[in-house]
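# Build me a model from this:
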Amino acid sequence: MSMFRDLPAVADLIELCFADSMDRDGRRYIADMRSASRDNSFLKWASGMTETASLPLTGFVWEEDDRIIGNASVIPFRDKGRRIYLIANIAVHPDYRRRGIGRILTQRAMQHGWSKKTSALWLHVRDDNPGAIQLYSDLGFQEMAHRTTWIAKPDSLLPQPTTDIQIVTRHPRFWTQQQDWLRRLNPDVLSWYHPININSLRPGFLNWLYLMFIDMDIKQWAAVQNDKLLATLAWTMASGRSDSLIGATPPQGQVESSTDALTQLLIHARRVLARRATLSLEYPGGEMREAFISAGFTERRTLLWMRAEPATQRRSLRS
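Numbers count the residues shown, from 1 in each chain. Okay, here's the model as predicted:
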């Protein structure tokens with residue numbers, strides 16, 4: 001891929017292939033690609049940053065009939081000091097599918113990563129795309145995480161169900177339990193891509209000062225029954241970034257009423273955050289599904305995060 005020539009065509013292809021699942025951040029991503037293609041100063045800077053900036057500056061395209069009909073981006077990241085690559089934007093024009101183009105592009109992207117002595121290659125794929133999942137498995141990728149993004153519109157008129165579960169401001173005494181639940185639900189294996197600053201939710205004056213310094217706004221609530229913590233929910237918004245919800249619940253079945261408690265918290269957030277455009281929350285796939293649906297949230301997408309390590313290099317090349 002030549003960023004000086006191909007960015008607009010690649011943006012068009014990605015938009016065509018993923019329009020049905022593209023959220024606000026995805027649309028902004030496409031707009032940024034098109035804007036970058038018109039910014040000569042950015043392109044000159046980016047040409048020297050292809051192996052350091054976590055941006056889709058490197059990749060491979062498939063050209064046919066004088067146009068780009070396939071793409072695979074290769075994006076560098078760092079994970080605890082080690083270099084890894086995310087293979088992203090694997091897209092083939094609908095008129096050219098089922099010809100092995102996606103496989104060849106993925107293999108070429110993998111070869112690039114291995115040639116750079118990466119410690120691991122990553123990609124993500126929707127869980128309702130069994131053909132792609134099988135392809136990546138055949139190439140040596142293994143599932144490492146299963147994550148669902150839920151979204152809902154705020155609604156100040158939404159009724160809060162009558163229940164003996166109380167929604168209160170998160171008290172400092174709940175922090176230890178909340179922290180344990182957050183670490184369970186947000187595995188460190190994906191922290192290189194989607195870091196959640198759990199410590200930003202920590203109670204205390206010093207943390208409050210820190211949040212003021214970085215211009216981050218946080219609201220936190222707890223669902224309590226007979227003074228027993230059932231679930232927590234936090235809303236965060238940092239300057240220049242979209243806002244999101246961070247939920248924390250025990251393993252399903254461990255605490256009675258935790259599903260109902262999360263439902264109550266989500267409904268409460270929809271009521272009190274009425275001025276926000278959209279609320280979103282990411283959770284392990286399949287977990288607390290009933291709570292999200294009961295609270296009026298819709299599943300945006302569920303992604304399988306898959307990883308290949310150097311031991312799979314020969315296998316992928318043989319395939």
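# Just say helix, strand or coil for the nearest residue to residue 198 once chain neighbours are set aside.
Residue nearest to residue 198 in three dimensions, not counting chain neighbours: residue 182, with 5.0 Å by CB to CB, 6 or more residues apart in numbering. Backbone N, C-alpha and C define where each C-beta goes, glycine included. Judged by DSSP: H, G, I helix; E, B strand; the rest coil, the three-state class of residue 182 is helix.
# Next up, the contacts around residue 182.
Taking CB atoms under 8 Å, 6 or more residues apart in numbering, we find residue 182 in contact with 196, 198, 201, 246, 248.
# Quick check: which element contains the fourth one?
Per DSSP states H and E: residue 246 is located in strand 244-248.
# which other helices and strands contact that strand?
helix 175-185, strand 228-238, helix 258-272, strand 279-284 (3 or more CB pairs under 8 Å, 6 or more residues apart in numbering; DSSP states H and E).
# quick check: domain ranges of this protein?
The chain is divided into the following domains under automatic domain parsing: 7-118, 150-302.
# Residue 62 against residue 69, yeah?
Yes - using CB atoms under 8 Å, residue 62 is in contact with residue 69, at 5.8 Å.
# Find residues that contact each of those two.
Taking CB under 8 Å, 6+ apart as the contact rule, residue 62 and residue 69 both touch 92, 96, 101.
# And the contacts of residue 182, which is the shakiest by pLDDT?
Minimum pLDDT across the contacts of residue 182 is recorded for residue 196, with 80.
# Can you tell me the closest non-neighbouring residue to that residue?
When the adjacent residues along the chain are set aside, residue 196 lies closest to residue 186, with 4.8 Å between them (CB to CB, 6+ apart).
# hang on, the one you found packs against residue 201?
No - look at residue 186 against residue 201 with CB under 8 Å: they stay out of range, at 11.3 Å.
# The protein: helices as residue ranges?
Here the chain has its helices, by DSSP state H, at 7-18, 24-37, 40-47, 101-115, 130-138, 175-185, 205-213, 258-272, 289-294, 313-318.
# elements contacting the first one?
Think helix 7-18. Packing partners of helix 7-18 (3+ CB pairs under 8 Å, 6+ apart): helix 24-37, strand 58-64, strand 67-79, strand 82-92.
# now it and strand 67-79, what's the angle there?
Using axes from the mean of the first three to the mean of the last three CA atoms, to 10 degrees, the direction of helix 7-18 lies 90 degrees away from that of strand 67-79.
# again, but for the second one
Note on geometry: by the same axes, to 10 degrees, helix 24-37 and strand 67-79 are set 110 degrees apart in direction.
# residues of helix 24-37 that come out buried?
26, 29-30, 33, 36-37 (16 or more other CB atoms under 10 Å).
# and of these, the nearest to residue 209?
Looking at the buried residues of helix 24-37 and their distance to residue 209, the nearest is residue 29, at 33.4 Å (CB to CB).
# what's around the residue nearest to residue 196, how many residues?
Around residue 186 there are 21 other residues, counting by other CB atoms under 10 Å.
# before we move on, what about residue 224?
That count, for residue 224 with other CB under 10 Å as the rule, works out to 20.
# how about the nearest residue to the residue at minimal distance from the centre of the chain, chain neighbours excluded?
Centroid check for the chain by CA atoms, centre = their mean gives residue 194 as the closest residue, at 6.1 Å. Once flanking residues are discounted, residue 194 sits nearest to residue 282: 7.4 Å by CB to CB, 6+ apart.
# cool, and residue 201?
Leaving aside its sequence neighbours, residue 201 sits nearest to residue 234 (CB to CB, 6+ apart; 5.4 Å).
# from what I can see that neighbour touches residue 217, true?
No - with contact defined as CB under 8 Å, residue 234 does not reach residue 217; the gap is 10.9 Å.
# so of the helices of the chain, which one's packed in deepest?
Most buried of these, by mean neighbour count (mean count of other CB atoms under 10 Å): helix 258-272, with a mean of 23.
# So residue 299 sits against residue 147, correct?
No - counting by CB under 8 Å, residue 299 sits too far from residue 147 to count as a contact (11.3 Å).
# Neighbour count for these two, which is higher?
A count of neighbours by other CB under 10 Å puts residue 147 above the other of residue 299 and residue 147, at 20 against 13.
# Distance of that one relative to residue 158?
The spacing between residue 147 and residue 158, counted by CB to CB, to the nearest Å, is 26 Å.
# now swap in residue 287 and tell me
Residue 287 is 23 Å from residue 158, by CB to CB.
# how long is stretch 250-267 from one end to the other?
The distance separating the two terminal residues of stretch 250-267, taken as CA to CA, to the nearest Å, comes to 19 Å.
# I'd like the distance from that stretch to the chain centre, please.
Relative to its chain's centre, stretch 250-267 lies at 23 Å (CA atoms, centre = their mean, to the nearest Å).
# Check stretch 267-276 too.
Averaging C-alpha positions (CA atoms, centre = their mean) puts stretch 267-276 22 Å from its chain's average.
# Count the neighbours of the closest residue in space to residue 267 that isn't next to it in sequence for me.
Using CB to CB, 6+ apart and skipping the chain neighbours, the partner closest in space to residue 267 is residue 295 (5.0 Å). Per other CB under 10 Å, the neighbour tally for residue 295 reads 23.
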